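1. Need coordinates for the below:
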Amino acid sequence: MPEVSQVHIDAALQNVSIGYRNPAFISDIIAPTVPVLKQSDRYYIHDAGRERLRATSDLRAPGARTSETDFALSTDAYFCDDHALSAIIPDEERANADPAIQPAIERTEFLTDKIDLNKEISLATRVLTGADIPGTTLSGETQWSDFEHSDPVAAVEAQKASIQSAIQEIPNTLVLPYEVVQKIRLHPKITDRVKYTTARVIGEEMLAALFDVERVLIPRAFKNTAPRGQTASIESIWGKNALLCYVTPRPALMRPAFAYTFVWTQAPGSAGGRIVEIWREPSRKADAIRVQRYYDQKIIAAGACYLWKDAVA
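-> A predicted model of the protein is given here:
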């Protein structure tokens, strides 16, 4: 926790403070939130064998029985674990804090950011290391940073067919971390397509048009991998990888989806699945703040995505 001397600055500005926050999480975008009433439950998986797509003879002779056909129904489960962090605000800190320091608000935002950071890291780790996630690891001439031999547009286009074959939906979302975007913005296969336009910067919308997807996400979220107390070591959570996937416009019955985030919105005391509590701890002469969120991230259809590891050098 901050020392008392750290929250009082001689003649500090009243409307300015400096902080470091993650500018772009994408986990709730590619794994949309599904509100649930119970902490744990099951959901149905309809026709995993794709019987609906199998041709079946429907000819019937007079007086004969019709051909019978049906689909299989299975289930899977979720469990919304409790993710919570707390912090202490000593009375001395609150009493000595300048107007630019708002201990309760800043602690709440800090704890919320930490929980969201963990959620982002958890999904990224699941995607980047999951044995069930289709993909390939690029190296040398195949990496998109090799401008002479690689073609990122053709690589993405080739995998659209594999995803469509797996889930019968055209992938609509391309995740390109900033380190990947920095390289492919300079790729001749990209620049040649925009050189006669008036665009000064190749941003998300133009990249989406070039790759023929509904949207391009550029995650800029970072994590500090250094042990506490040592010099910060900052790394991109999504690294130098690229991900093509299908994200359902809205969670619905009998619709495929790459991933969902089940959120227990009816947890006692919650507002939309989030809980912020503050209470007094007299023995410590301090207020305590706790932020909680109950959720479970699930890969629903691994075939709804394709991963390029080490997309750029």
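2. Quick one: end-to-end length of stretch 63-83, please.
-> Terminal residues of stretch 63-83 lie 63 Å apart, using CA to CA, to the nearest Å.
3. in that stretch, what's buried?
-> Neighbour-count burial for stretch 63-83 flags 78, 80, 83 (criterion: 16 or more other CB atoms under 10 Å). In short, each C-beta sits where N, CA and C put it, glycine included.
4. so the second one sits right up against residue 261, yeah?
-> Put plainly, it is residue 80. No. Assessed by CB atoms under 8 Å, residue 80 is found out of contact with residue 261, at 9.4 Å.
5. shared neighbours of the two, anything?
-> Both residue 80 and residue 261 are contacted by 295, 296, under the criterion CB atoms under 8 Å, 6 or more residues apart in numbering.
6. what does stretch 169-181 contact?
-> 26, 29-30, 144, 156, 159-160, 163-164, 184, 207-208, 211, 213-220, 236, 238-247, 256, 304-306, 311-312.
7. same check, this time on stretch 105-121
-> Counting by CB under 8 Å, 6+ apart, residues outside stretch 105-121 touching it are 19, 21-22, 25-28, 83-87, 89, 221, 223, 237, 261, 274, 276, 289-291, 293, 295, 297.
8. With just CA atoms, put it into CSV.
-> Provided in CSV are the C-alpha atoms of stretch 105-121 (Å, rounded to 0.1, in the frame of the first residue of the first chain):
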residue,chain,number,x,y,z
ILE,A,105,-12.2,5.4,-6.4
GLU,A,106,-8.6,4.7,-7.3
ARG,A,107,-8.5,1.5,-5.3
THR,A,108,-11.7,0.3,-6.9
GLU,A,109,-10.4,1.0,-10.4
PHE,A,110,-7.1,-0.6,-9.6
LEU,A,111,-8.6,-3.8,-8.3
THR,A,112,-11.0,-3.9,-11.3
ASP,A,113,-8.2,-3.5,-13.7
LYS,A,114,-6.3,-6.3,-12.0
ILE,A,115,-9.2,-8.7,-12.3
ASP,A,116,-9.8,-7.8,-15.9
LEU,A,117,-6.0,-8.2,-16.6
ASN,A,118,-6.1,-11.7,-15.1
LYS,A,119,-9.2,-12.5,-17.3
GLU,A,120,-7.4,-11.3,-20.4
ILE,A,121,-4.2,-13.3,-19.6
